[in-house]
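1. Sequence below, structure please.
(2 chains)
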2 protein chains.
Amino acid sequence: MLEKMGKAAKQASYHLSVLSTVQKNQALNVIADLLEAESAEILAANALDLADARQNGMSAALQDRLLLTPQRLSAIADDVRQVCRLNDPVGEVIDGRLLDNGLKLERRRVPLGVVGVIYEARPNVTVDVASLCLKTGNAVILRGGKETYRTNAATVSVIQRALAQSGLPAAAVQAIESPDRDLVNQLLKLDRYVDMLIPRGGAGLHKLCREQSTIPVITGGIGVCHIFADESIDFAKALTVIESAKVQRPSACNSLETLLIHRAIAAQFLPALSEKMAQAGVTLHASPEALNTLQSGSANVVAVEAKDYDDEWLSNDLNVALVDDMDAAIAHVREHGTQHSDAILTRSISNAERFVREVDSSAVYVNASTRFTDGGQFGLGAEVAVSTQKLHARGPMGLEALTTYKWIGYGEDLIRA
Amino acid sequence: MLEKMGKAAKQASYHLSVLSTVQKNQALNVIADLLEAESAEILAANALDLADARQNGMSAALQDRLLLTPQRLSAIADDVRQVCRLNDPVGEVIDGRLLDNGLKLERRRVPLGVVGVIYEARPNVTVDVASLCLKTGNAVILRGGKETYRTNAATVSVIQRALAQSGLPAAAVQAIESPDRDLVNQLLKLDRYVDMLIPRGGAGLHKLCREQSTIPVITGGIGVCHIFADESIDFAKALTVIESAKVQRPSACNSLETLLIHRAIAAQFLPALSEKMAQAGVTLHASPEALNTLQSGSANVVAVEAKDYDDEWLSNDLNVALVDDMDAAIAHVREHGTQHSDAILTRSISNAERFVREVDSSAVYVNASTRFTDGGQFGLGAEVAVSTQKLHARGPMGLEALTTYKWIGYGEDLIRA
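-> Next up is the predicted model:
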């Protein structure tokens, strides 16, 4: 079955690859309109998914993530209209020149072809990913979470009708609609048809894809993010950044998990930190050296465990450790970080530049919150994933990351000398 | 053992990543000089490898590929000096701007980190890859063919001494020196330390890496390359391109394997083709429709078999098939090609542009030989591999393909709104 989907997606991708931006935007507008016009169908499917979720004891927070309302569906449709306004990267001539050998050579930006996306229980991702792929002339095979498979099926059915209305192949957007897990394993081997695989989920999903997929995989989304507060900081300003990076949205992958503090300021800074974190409702997981001082403060404090440094809290918890100097701070980030987002707070140009050069993360900040790592914040207009590996794209992936290039050589009956 | 190599390579990569271009070029010059000064040691190791090769009945052609002479070693050293002259892509600011949210954001080009390269029996690749990785600030783990492992070990030993003389960590260039095949399997799982894996070899090696590696892999190097001669061609000019693409270096992956001819010109063109290919010593593998006409010509002709369309000849053999139109030509290339290099010969602008847009290959040519797909020919100065997949880099990979980027955000105690 997946073989057939893959083949159809590849054929559809040939069709999509030669569309003009105007044609693609027209189809996107039809999709947006039809999502609203056919909302009853999608909401009915969503109600069934939610009934199952309730029966299976899904938490209220997850149920809310799964829930669609007419208002939420309209917001999703508006996001599709927003994608129309983004610049289409396809067709851009990246560079080119007339070579000494006589060849007129250019690199032209083209769609990847077929993109596979595996994601978890959020129904908006279906429309989001489909619209970004369509905008860049890619076909897409979607595999959503089993908790939303009826919602996804109804959504994709509406999208496919919109594609047909626009004269585009329905196979441009396909979903694996059975919750059968074996289909994921089949998808991972579909390298003959699928050009890029994006897992959007937890560490287990990324590991599965890295180990089993024969399709090139974009891994990412796991963020053990650090802030290093060096000895030159302004306490009040630093605390504002630390608090925001931690509590603004603790469940986000770019939120702060570990604060490293230069030993020279620890005695003065830790009490101020404790007070601020107590107000913010953050539990501190303190290294042995920081524990005593923090325990006399007002924040909730426990001793950090070694493994805490290597995992995301995704909650109002923060590791706190002291370091001797820049070397130790950088070594800690290299050892425990996930190459997502790390920041230094400092007044020193040389410390700032050293941190920027030596910390090998997708996004590195000077006197700014790690929370900025986001396609919207970076002005990319959209985000299909956040990559923490180094090939192809790093950090927030916008439309450009859904393209590749081809070399085009023009000659006049030209042969190699 | 490989765990230890990987760890050492990662540490070395941190050191290399902050070197200036001048420092890297100085080290490259020391390597070049020492390869010549210590040539006796490398040549002695090479003599032992060659003795084994003779004993194992290696063909004269492969023995010649394996052989090093003082002249060849000097040429290799000169190639290293040539790498000094190439532009260093590391440190380039790709783009950047001041965002509305107050963040001063830039994308800066940085080394990948650690590159793994698996290659076959050519001793020059060892120095070639090491120098390109060093130039771009990457550490490298090399795994050469078992036929050259003494030569490679001696070469890497000389390179490591040169690195030490330059004050750089020897672990910047390491070789897996045992011919034990299990070590390749270990290397493929070293994703914790190795950022990119480049296999340089046959289809079997690429398949192994795609299926087993947990490190992102660049696949490529397999070229079932096509030329489509449409109905508008000038026969004499077209034959010149076809002959050159086929016979100039048949063993190269960018050489021509299948010629597609528009049916409308077959009756006139096939006899001329036969004559030209007879002179060039090319055996034609003809489709049923072309067979009769070709058999009355002077070239050696056999009936093509279905599987011939899907494999590289890498010899003076050429498949010849007739097609009805552009649709059929493009469909054939999509079905049988390897997304390496494909060309159209035509006088028609619309046919040329259609071929360029619809053939999904790394390099697409109009009235030029497929043989141009090469880092040197493309003006990249060097080539670490030819990629036929779509992530990260496509076609000839120069120095830029050995880099990634990081996002750097500067703020003034900036938090996300």
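
2. what are the ranges of the strands in the stretch 51-200 of chain A?
-> Counting by DSSP state E, counting those that start in this stretch, the stretch 51-200 of chain A has strands at residues A:93-98, A:104-111, A:114-119, A:139-143, A:173-175, A:196-200.

3. Could you dump those strands into a markdown table and include mean neighbour count and mean pLDDT?
-> Where C-beta positions appear, they are placed from N, C-alpha and C, glycine not excepted. Converted to a markdown table, the strands of the stretch 51-200 of chain A look like this (neighbours: other CB atoms under 10 Å in any protein chain shown; pLDDT from 0 to 100):
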| stretch | mean neighbour count | mean pLDDT |
| --- | --- | --- |
| strand A:93-98 | 12 | 96 |
| strand A:104-111 | 20 | 98 |
| strand A:114-119 | 27 | 96 |
| strand A:139-143 | 27 | 97 |
| strand A:173-175 | 25 | 97 |
| strand A:196-200 | 24 | 95 |
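
4. Next, format the ones you listed as TSV and append distance to chain B.
-> Shown next, in TSV, are those (distance: least, CB to the nearest CB, whole Å):
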stretch	distance to chain B
strand A:93-98	7
strand A:104-111	6
strand A:114-119	10
strand A:139-143	12
strand A:173-175	19
strand A:196-200	6
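
5. now the ones you listed in TSV, with distance to residue A:13?
-> Listed next are the strands of the stretch 51-200 of chain A as TSV, based on distance: least, CB to CB, whole Å:
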stretch	distance to residue A:13
strand A:93-98	21
strand A:104-111	7
strand A:114-119	5
strand A:139-143	4
strand A:173-175	11
strand A:196-200	12
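
6. burial of residue A:253, as a residue count?
-> If you count neighbours by other CB atoms under 10 Å in any protein chain shown, residue A:253 ends up with 22.

7. ok, back up a step: so which of the strands of the stretch 51-200 of chain A is nearest residue B:304?
-> Evaluated with CB to CB, the strands of the stretch 51-200 of chain A place strand A:114-119 nearest to residue B:304, the distance being 29.9 Å.

8. Measure how the closest one sits relative to strand A:196-200, angle-wise.
-> With axes from the mean of the first three to the mean of the last three CA atoms, to 10 degrees defining the directions, strand A:114-119 sits at 10 degrees from strand A:196-200.

9. And strand A:114-119, what does it pack against?
-> helix A:2-17, helix A:123-135, strand A:139-143, helix A:182-188, strand A:196-200 (3 or more CB pairs under 8 Å, 6 or more residues apart in numbering or on different chains; DSSP states H and E).

10. can I get those in JSON lines with distance to residue A:170?
-> Output for the helices and strands packed on strand A:114-119, formatted as JSON lines (distance: least, CB to CB, whole Å):
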{"stretch": "helix A:2-17", "distance to residue A:170": "8"}
{"stretch": "helix A:123-135", "distance to residue A:170": "12"}
{"stretch": "strand A:139-143", "distance to residue A:170": "10"}
{"stretch": "helix A:182-188", "distance to residue A:170": "19"}
{"stretch": "strand A:196-200", "distance to residue A:170": "21"}
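
11. any idea which of these is most buried?
-> Burial of the helices and strands packed on strand A:114-119 is given as mean neighbour count (mean count of other CB atoms under 10 Å in any protein chain shown); strand A:139-143 ranks first at a mean of 27.

12. Who are the packing partners of that strand?
-> helix A:2-17, strand A:114-119, helix A:123-135, strand A:173-175, helix A:182-188.

13. For residue A:398, which of those is the nearest?
-> Across these, residue A:398 has its closest neighbour in helix A:123-135 (8.5 Å, CB to CB).

14. Give me the distance from the closest one to the chain's centre.
-> Centroid displacement of helix A:123-135 relative to its chain, using CA atoms, centre = their mean, to the nearest Å, is 13 Å.

15. so residue A:99 touches residue A:105, yeah?
-> Yes - with contacts counted by CB atoms under 8 Å, residue A:99 reaches residue A:105, the gap being 5.7 Å.

16. Quick check: residues of the stretch 201-350 of chain A near chain B?
-> Proximity of the stretch 201-350 of chain A to chain B (CB under 8 Å from any CB of the partner chain) is limited to residues A:210-211, A:214, A:216-218, A:234, A:237-238, A:240-241, A:244-245, A:248, A:334, A:345.

17. out of these, which are inside strands?
-> residue A:345 (DSSP state E).

18. Narrow the residues of the stretch 201-350 of chain A next to chain B to those that are buried.
-> A:210, A:214, A:216-218, A:237-238, A:240-241, A:244-245, A:248, A:334, A:345 (16 or more other CB atoms under 10 Å in any protein chain shown).

19. Any idea how far apart the tips of stretch A:246-255 sit?
-> End-to-end distance for stretch A:246-255, by CA to CA, to the nearest Å: 6 Å.

20. any idea how far that stretch is from the chain center?
-> 14 Å.

21. and residue A:301, how many neighbours?
-> Neighbourhood size, residue A:301 [other CB under 10 Å]: 22.

22. Please read the previous query as pertaining to residue A:48.
-> 12.

23. Quick check: closest non-adjacent residue to it.
-> Spatial nearest neighbour of residue A:48, excluding adjacent residues (CB to CB, 6 or more residues apart in numbering or on different chains): residue A:150 at 5.1 Å.

24. dump the residue contacts of the one you found.
-> Contact analysis of residue A:150 by CB atoms under 8 Å, 6 or more residues apart in numbering or on different chains lists A:45-46, A:48-49.

25. before we move on, the earlier item: shared neighbours, residue A:99 and residue A:105?
-> With CB under 8 Å, 6+ apart as the test, residue A:99 and residue A:105 both reach B:378-379.

26. Report the buried residues of the lowest-mean-pLDDT helix or strand in chain A.
-> The least trusted helix or strand in chain A, going by mean pLDDT, DSSP states H and E, turns out to be helix A:60-66, with a mean of 89. Using 16+ other CB under 10 Å as the test for burial, helix A:60-66 gives A:65-66.

27. swap in stretch A:311-320?
-> The neighbour-count criterion (16+ other CB under 10 Å) identifies A:312-313, A:317-320 as the buried residues of stretch A:311-320.

28. Closest one to residue B:155 out of those residues, please.
-> residue A:312 (44.2 Å).

29. Can you tell me the strand partners of the lengthiest strand in chain A and which way each runs?
-> For chain A, the strand with the greatest residue count under DSSP E is strand A:403-414. According to DSSP bridges, strand A:403-414 forms sheet pairs with strand A:104-111 (antiparallel), strand B:363-368 (parallel).
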